[in-house]
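Engineer: Provided below are the primary sequence and the corresponding predicted coordinates.
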There are 4 protein chains.
Amino acid sequence: MQTREKAEVEFSRIVAFSDGVFAIAITLLVLALEVPAGSDLVDALRDRGEEFFAYFLSFAVVGRFWMSHHGLFGSIARFDQPLLAINLAYLAFIALIPFTSEILGEYSDDSAGVALYAANLTLVTACSFAIIRYASRRELMRVEKTDYRVRRATASTVVVTAVFAVSIPIAFVSPLLATISWASLFLVGDRFTERIAGAAD
Amino acid sequence: MQTREKAEVEFSRIVAFSDGVFAIAITLLVLALEVPAGSDLVDALRDRGEEFFAYFLSFAVVGRFWMSHHGLFGSIARFDQPLLAINLAYLAFIALIPFTSEILGEYSDDSAGVALYAANLTLVTACSFAIIRYASRRELMRVEKTDYRVRRATASTVVVTAVFAVSIPIAFVSPLLATISWASLFLVGDRFTERIAGAAD
Amino acid sequence: MQTREKAEVEFSRIVAFSDGVFAIAITLLVLALEVPAGSDLVDALRDRGEEFFAYFLSFAVVGRFWMSHHGLFGSIARFDQPLLAINLAYLAFIALIPFTSEILGEYSDDSAGVALYAANLTLVTACSFAIIRYASRRELMRVEKTDYRVRRATASTVVVTAVFAVSIPIAFVSPLLATISWASLFLVGDRFTERIAGAAD
Amino acid sequence: MQTREKAEVEFSRIVAFSDGVFAIAITLLVLALEVPAGSDLVDALRDRGEEFFAYFLSFAVVGRFWMSHHGLFGSIARFDQPLLAINLAYLAFIALIPFTSEILGEYSDDSAGVALYAANLTLVTACSFAIIRYASRRELMRVEKTDYRVRRATASTVVVTAVFAVSIPIAFVSPLLATISWASLFLVGDRFTERIAGAAD
């Protein structure tokens, strides 16, 4: 499964590297908030409500992905080269969030801006799905992770991916509605997606 | 207390992730210092005294919060999902400091700029307070942390939060006075707040 | 080999520091993507295809270098001062990639921009080569790393360096062709370079 | 020496936090290199020779400080609050280097720009000196570190600080000469400063 070369890139380093990218990406979100140049600060800040909304939303989103990434890696026993590549693709979409989040803050009324953000989130969860599928097929998962749990995690990821993906066309009808659909995913949370996932078994 | 899922997001990772956000936020403070474009560097730098003041103040502030965050986490035995969420909110306000600090540097004479900075610090300490309260109610604290110590830490956090909160309206009377009130908190330090906290028991 | 002073700069810290630079550099790549100021977002993004291409290419490149750096350090048993200096030069060229990548995205039709990027990659692999050569001459490699494997790694690094170096003049004939030559290196991958390296033994 | 509260901010965390600041500051240096907006890239880059010089010089400087900071911390057995504060001041001047380095790159012919950079380096080494002095007076050093070695390290730090400090007025006579004086410190290296330090015993 693992080439000898890559056995040296130990598991813990891959996790530490991934964590580093998460911590840096989440802290770079603040760079999207521009200091107003105008003279009246209160007015200038009031106009930037959407930027602040995008900052806190994306902080929650990246934080949430960090937690689920950990859950994911807790199920994996070992790595091979393709799995490393999929994880790198995953991280590339995480590291892209400061950019699409800045666009969301500045173009929050624009369907394209909201759709771009939704597309970014969809691609992150699609990579999660690819990690689970690949790892379970290649038997890289921990033995104690039963088929049942893998099926459940897979179904749950599919549900989340589907919600994000469906919010892309919704954004072209109503940007606000698309935003609400993500927020509801956070509020309703795991329990809901797990139940749907259970029904999908 | 802990869901099995989240037991995998081990304690040490949460601390490492939090430390990463602190280290990145403190180092990003330098980006608020703009290289002057004008030809006379000495004059240009002299006008930026407030920016340098904001840089060093915020470096001390974030450094101080980092130390107190460690003290806080040293008292906690285990995590559940809501505690993770409160910690994430805490980090979101830490990661916001490079932004409010830049505003402080550029609008140091403007009450709104100083008040915004004070509000940011208030929200950080309010999250500290929420962490202590939640962890002690849900019995997530270490057993050796007696009620007495938790009460003391709670009271101390309330005092610091109160000073920051009171400095928000003060900023509208005198921005300088608000700044001095924070600085005094640093100089007078723990001993004073601990004594007041003790009196509040 | 090692001065007593430097024995204290333990191996694990050097690796952690290097990993940190990799994680930060890869996450800073996103700062090259500028949020369009114009009103039509879709049009503005369509014109920036090259910037996105440069982002994903460089993410793959830095990620790939990170993996090979790990392989390299897995072969090294101990450090002396010059090896630390060569590693620092290596990291200086890694940390430069967000800059040359941004130039690649904005000047993708310009031979000079593509050549500059190729030069950056050449310098990274040249440093890899220097690390292998120096470490094997000074007997800083692990004993279990046979001459055969060191020769192979050396030859492999020479091949990759040569491809990047040759792509510099190619960029002045056809920027596209130079870009394809790097991409092919990724797709054809280790197996090809290892085979050539084997032939070079 | 250590308050119980702070014993929880363990040694390893302080080192990891410091290392994080070093890794981030060194990687942020690249942000000083601006992508030219003009159409002729080759001409535009040729005019920026000083920016590239400042980048590589500062990368070497921060890398060098990182190594000496490790040597320093390898001698320290435990921390108290004031030592933490001095270390934070040290890090504040390290994190400032991306700013003064950018000024050096853009104002390399201007005495004030070179003097500012020299002042920054002087303040870093002055903090090193303060760490050694404070730690040895409060008996926070490791027992095996003899008086002789502490005296030597102290003298060595004084020499380096003096060279940087003297280069500040030199910068007003000749910016180039000041730059050469730092570079010579790197090339002549430890051996020279150690010998002078030995003579100073």
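Structural biologist: Sure thing, it's come through. Numbers count the residues shown, from 1 in each chain, chains lettered A, B, ... in the order given.
Engineer: I'd like to know which residues of chain A are adjacent to chain B.
Structural biologist: Within chain A, the positions near chain B by C-beta under 8 Å from any C-beta of the partner chain are A:16, A:19-20, A:22-24, A:26-31, A:33, A:35, A:41-42, A:45, A:55-56, A:59-60, A:63, A:66-67, A:70-71, A:74, A:190. C-betas here are computed from N, CA, C, even on glycine.
Engineer: Need the buried ones from those selected in PyMOL.
Structural biologist: Per 16 or more other C-beta atoms under 10 Å in any protein chain shown, the buried members of the residues of chain A next to chain B correspond to this PyMOL selection:
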select buried, chain A and resi 16+19+20+22+23+24+26+27+28+29+30+33+35+41+45+55+59+60+63+66+67+70+74+190
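Engineer: which ones among the residues of chain A next to chain B are found in strands?
Structural biologist: Using DSSP state E, no member of the residues of chain A next to chain B falls within strands.
Engineer: which ones among the residues of chain A next to chain B come in contact with chain C?
Structural biologist: A:A16, A:G20, A:I24, A:L28, A:L31.
Engineer: want to throw the residues you listed into CSV with pLDDT?
Structural biologist: Listed next are those as CSV, based on pLDDT from 0 to 100:
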residue, pLDDT
A:A16, 88
A:G20, 94
A:I24, 97
A:L28, 97
A:L31, 95
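Engineer: among the residues you listed, which are in helices?
Structural biologist: Of these, the ones assigned to helices by DSSP state H are A:A16, A:G20, A:I24, A:L28.
Engineer: Could you pull up the residues touching the second one?
Structural biologist: Going by C-beta atoms under 8 Å, 6 or more residues apart in numbering or on different chains, A:G20 touches B:G20, C:D19, C:G20, C:A23, C:I24, C:T27.
Engineer: before we move on, what about the last one?
Structural biologist: For A:L28, the contacting residues are A:P98, B:I24, B:L28, C:T27, C:L28, C:V30, C:L31, by C-beta under 8 Å, 6+ apart.
Engineer: can I assume A:A126 is in contact with A:V158?
Structural biologist: No - contact criterion C-beta atoms under 8 Å: A:A126 and A:V158 do not qualify, at 9.7 Å.
Engineer: show me where chain A has helices.
Structural biologist: Taking DSSP H, the helices of chain A run over residues A:4-7, A:11-28, A:41-46, A:49-74, A:81-106, A:111-137, A:147-173, A:175-200.
Engineer: Residue numbers of chain A in contact with chain C?
Structural biologist: For chain A, the residues in contact with chain C (C-beta under 8 Å from any C-beta) are A:5-6, A:8-9, A:13, A:16-17, A:20-21, A:24-25, A:28, A:31-32, A:84, A:88, A:91-92, A:95-96, A:98-99, A:102-103, A:106-107, A:110, A:112-113, A:116.
Engineer: and those, which are buried?
Structural biologist: Applying 16+ other C-beta under 10 Å to those flags A:5-6, A:8-9, A:13, A:16-17, A:20-21, A:24-25, A:28, A:32, A:84, A:88, A:91-92, A:95-96, A:98-99, A:102-103, A:106-107, A:110, A:112-113, A:116 as buried.
Engineer: what sits against A:Y90?
Structural biologist: A:H69, A:V124, A:C127, A:S128, A:I131 are the contacts of A:Y90 under C-beta under 8 Å, 6+ apart.
Engineer: Go through these and say which is closest to D:T154.
Structural biologist: Distance to D:T154 across those (C-beta to C-beta) is lowest for A:H69, with 47.0 Å.
Engineer: What number of residues are in the vicinity of A:S18?
Structural biologist: 20 (other C-beta atoms under 10 Å in any protein chain shown).
Engineer: Read off the pLDDT value for it.
Structural biologist: Per-residue confidence (pLDDT) for A:S18: 94.
Engineer: Over stretch A:40-59, what's the mean pLDDT, rounded is fine.
Structural biologist: 88.
Engineer: er, stretch A:184-201 I mean
Structural biologist: For stretch A:184-201, the mean pLDDT works out to 59.
Engineer: Give the closest residue to A:P175 in space, chain neighbours not counted.
Structural biologist: Leaving aside its sequence neighbours, A:P175 sits nearest to A:V114 (C-beta to C-beta, 6 or more residues apart in numbering or on different chains; 4.2 Å).
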